[in-house]
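S.K.: Give me coordinates for this.
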Amino acid sequence: MDPATIGRQSHQVDATIETRAEGHLGDPMSQTTKRISNWLIISFVVWFAATVSLLVGQARGMKIPIIAEDAVGSLLMAYVPVVLVVVLLQLFLTRERSSVDWEQFYGVNKKTAKAEADLALVYLTVTQLVLGLAFKIGLHFPGPDVYKTGSHDQNDVWIWASVNCFVYVVLPMAWLYFGASLDMIELLSSLKWRRDLWIIVAYWCFDFFGPIIGGADFFGLTFIQYLGAISLGIFVNTLGAGLPVVVMMHIIYLPRVAVLCPVQARSFHNKMVDIALGGLFYAVFSLFDEGVDYSSTEVALMSFWYIISTQMLVGMGKSTFTVVTGNPFIHYITLHVLSARIPFDTKMYAEIFGIK
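M.R.: Model prediction:
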């Protein structure tokens, strides 16, 4: 037998052994795919269970917190459209885009990504419970309290903005700079604002005019009141809500989940995992939104179910902007501080800051 034939037979034997070994030990890529699929299923089950529980509780006459008084209408008219228009449509329109290099631009270490993502979720959960239950501080002002004329003053606003900024911006950014390897200059230089301009304009219009059409109390102020209240509102909301979400969710959490869910061209599956988990993360961030009530078991359950059912969908919308563009700031413009928060909060800040 000539050497060439012996070499070919030896190669075939080695290949057979490797194939059998893979079959015994499991293909790493298929194991990753299975794990990612499980995450997506769990996310959907959590949302579905919360939504069904909310609707059943409402039908049975359970005590309803203020935030959930029109749960069905909110879901159908506001939150489901977010998934359809912001998540699914945007994924379809950007399906040809190449995946983001999360490891390079966000300084993510794949070996520690899962532990860091888990730590971010634990940190968020613990701080939300402490701030919300002990100090009535939530992601958005005025926290779980319902604002009424004269119920809150400027000091309340500054305390809320300062605490949230310190807990969710200053401390996490210190960790990113000294404990991780984030290079903010490299991240900023990677952002493709011109390419994504159509996303910014289209979805800003959707989220700014949507609440106004839906009945947000935005009109009736003077020009000076609009100028002062919108400016101050953007500033304090950026400190207290905008930057915390940008840092905790879009710079820390989503890139680490994305590294664990590598995306191939034209693939929606892994992107949806990142988006769904981002939605759950944002729901935790919203546990103490205005109108929730945790004073009794019954109303606390309804508050919790409502937040998971609705704010997970909002969070999925916010996550989508970062997942498809790689830009952690676009949601701040299109689905947060510079859009819906303006019609929602302008009159409140005009009253609190006494702008005439």
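
S.K.: which residues touch whatever helix or strand Trp204 lives in?
M.R.: Using DSSP states H and E, Trp204 falls within helix 197-213. With contacts defined as Cβ atoms under 8 Å, 6 or more residues apart in numbering, helix 197-213 is touched by 78, 85-86, 90, 193, 218, 321, 324-325, 330, 333-335, 338-340, 342-344. C-beta here means a position set from N, CA and C on the backbone, and glycine is covered the same way.

S.K.: rerun that using 10 Å as the cut-off
M.R.: Outside helix 197-213, the residues within contact range by Cβ atoms under 10 Å, 6 or more residues apart in numbering are 77-78, 81-82, 85-86, 89-90, 93-94, 193, 216-219, 317, 320-321, 324-325, 327, 329-331, 333-336, 338-344.

S.K.: Out of those residues, which sit inside helices?
M.R.: Applying DSSP state H to the contacts of helix 197-213, the entries found in helices are 81, 89-90, 93, 317, 320-321, 324-325, 330-331, 333-334, 341-344.

S.K.: So how do I select the buried members of the residues you listed in ChimeraX?
M.R.: Selecting only the buried entries of the ones in helices among the contacts of helix 197-213 in ChimeraX, with 16 or more other Cβ atoms under 10 Å as the criterion:
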select :90,317,320,321,324,325,330,331,333,334,341,342,343,344
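
S.K.: Now stretch 40-58: buried residues?
M.R.: 40, 43, 46-47, 50-51, 53-54, 57-58.

S.K.: how about it as PDB, C-alpha atoms only?
M.R.: Coordinates of the C-alpha atoms in stretch 40-58 are reproduced here as PDB (Å, rounded to 0.1, in the frame of the first residue of the first chain):
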ATOM      1  CA  LEU A  40     -36.100  32.900  24.700                       C
ATOM      2  CA  ILE A  41     -38.800  30.400  25.800                       C
ATOM      3  CA  ILE A  42     -38.300  31.300  29.500                       C
ATOM      4  CA  SER A  43     -38.700  35.000  28.600                       C
ATOM      5  CA  PHE A  44     -41.900  34.400  26.700                       C
ATOM      6  CA  VAL A  45     -43.300  32.200  29.400                       C
ATOM      7  CA  VAL A  46     -42.600  34.900  32.100                       C
ATOM      8  CA  TRP A  47     -44.400  37.600  30.000                       C
ATOM      9  CA  PHE A  48     -47.300  35.300  29.100                       C
ATOM     10  CA  ALA A  49     -47.800  34.200  32.700                       C
ATOM     11  CA  ALA A  50     -47.700  37.700  34.000                       C
ATOM     12  CA  THR A  51     -50.200  38.900  31.300                       C
ATOM     13  CA  VAL A  52     -52.600  36.100  31.900                       C
ATOM     14  CA  SER A  53     -52.400  36.500  35.700                       C
ATOM     15  CA  LEU A  54     -53.100  40.300  35.300                       C
ATOM     16  CA  LEU A  55     -56.100  39.700  33.100                       C
ATOM     17  CA  VAL A  56     -57.500  36.900  35.300                       C
ATOM     18  CA  GLY A  57     -57.000  39.000  38.400                       C
ATOM     19  CA  GLN A  58     -58.800  41.900  36.900                       C
END
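
S.K.: what's that stretch in contact with?
M.R.: Stretch 40-58 has contacts (Cβ under 10 Å, 6+ apart) with 62-64, 68-69, 71-72, 75, 79, 261, 269-270, 272-280, 283, 298-299, 301-310, 312-313, 316.

S.K.: any idea of the mean pLDDT for that stretch?
M.R.: Stretch 40-58 comes out with an average pLDDT of 96.

S.K.: Just after the helix or strand hosting Arg35, pick out the following helix or strand.
M.R.: Using DSSP H and E, Arg35 sits within helix 28-59. Going down the chain from helix 28-59, the next helix or strand is helix 71-74, by DSSP H and E.

S.K.: What residues sit buried inside that next one?
M.R.: 71, 74.

S.K.: ditto for stretch 102-120
M.R.: Neighbour counts over stretch 102-120 (16+ other Cβ under 10 Å) mark 102-103, 105-108, 113, 116-117, 120 as buried.

S.K.: can I get those residues in a markdown table with distance to Gly179?
M.R.: Listed next are the buried residues of stretch 102-120 as a markdown table, based on distance: Cβ to Cβ, whole Å:
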| residue | distance to Gly179 |
| --- | --- |
| Trp102 | 18 |
| Glu103 | 16 |
| Phe105 | 18 |
| Tyr106 | 14 |
| Gly107 | 11 |
| Val108 | 13 |
| Ala113 | 14 |
| Glu116 | 9 |
| Ala117 | 14 |
| Ala120 | 12 |
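
S.K.: In helices, which of those fall?
M.R.: 102-103, 105, 113, 116-117, 120.

S.K.: ok, which pair from those is furthest apart?
M.R.: Across those, no pair lies farther apart than Phe105 and Ala120, at 17.9 Å, counting by Cβ to Cβ.

S.K.: Show the buried residues in the contacts of stretch 40-58.
M.R.: So, by 16+ other Cβ under 10 Å, the buried ones in those are 62-64, 68, 71, 75, 79, 261, 270, 272-280, 283, 299, 301-310, 312-313, 316.
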